[in-house]
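**Q** Give me coordinates for this.
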Amino acid sequence: MTTQELTYLHEMGIQAYQLAHPERLQGYSVEGIALPDDCKMLLVSPQQPLGSTVTLFENILKTINLTLEQSLYFAPEHLALLENSQVDWIWFAGCEAQLELGQRTLRSPCLNEIDGNQQHKRVLWQQIQALK
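**A** Next comes the predicted model:
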């Protein structure tokens, strides 16, 4: 469930729970998530880009010649559901790098921490240039 969906449920007074180990439930099978073929960038972050962080994300994508349509957002807890997929770029923003799915892996603080912080932007830019 996305952060936004969880927020809506919380606002309605509904508690949401997520199973830590759904595979332990007898008879329950977890369906994997397959990335679309046109996905070139996977953003893994506890916070989904919203508002000004979407603009920042789009500007960063432009530096590596990608568009928003070629990228997907994943919450870190959903990464385990990802089927064998290969992407050109995987970006762990504000969380630990869990998998090496991409040929190029970026690591940074969350997008809202990068927005307006020249030091974080510089470090991210250096990573991008080293991997291009």
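**Q** which is the next helix or strand following the helix or strand harbouring K62?
**A** Per DSSP states H and E: K62 is located in helix 52-63. Sequence order places strand 71-74 as the next helix or strand after helix 52-63, per DSSP H and E.
**Q** So what's the gap between that following strand and the chain middle?
**A** Centroid separation for strand 71-74 versus its chain: 5 Å, with CA atoms, centre = their mean, to the nearest Å.
**Q** For this structure, just list every one of the helices.
**A** In the chain, the helices defined using DSSP state H lie at 3-11, 52-63, 111-114, 118-131.
**Q** buried sites along the helix or strand bottoming out on mean pLDDT in the chain?
**A** Least confident helix or strand of the chain, by mean pLDDT, DSSP states H and E, is helix 3-11 with a mean of 76. Within helix 3-11, no residue is scored as buried using 16 or more other CB atoms under 10 Å. C-betas here are computed from N, CA, C, even on glycine.
**Q** And stretch 16-35, by the same measure?
**A** Within stretch 16-35, the residues that qualify as buried by neighbour count (16+ other CB under 10 Å) are L35.
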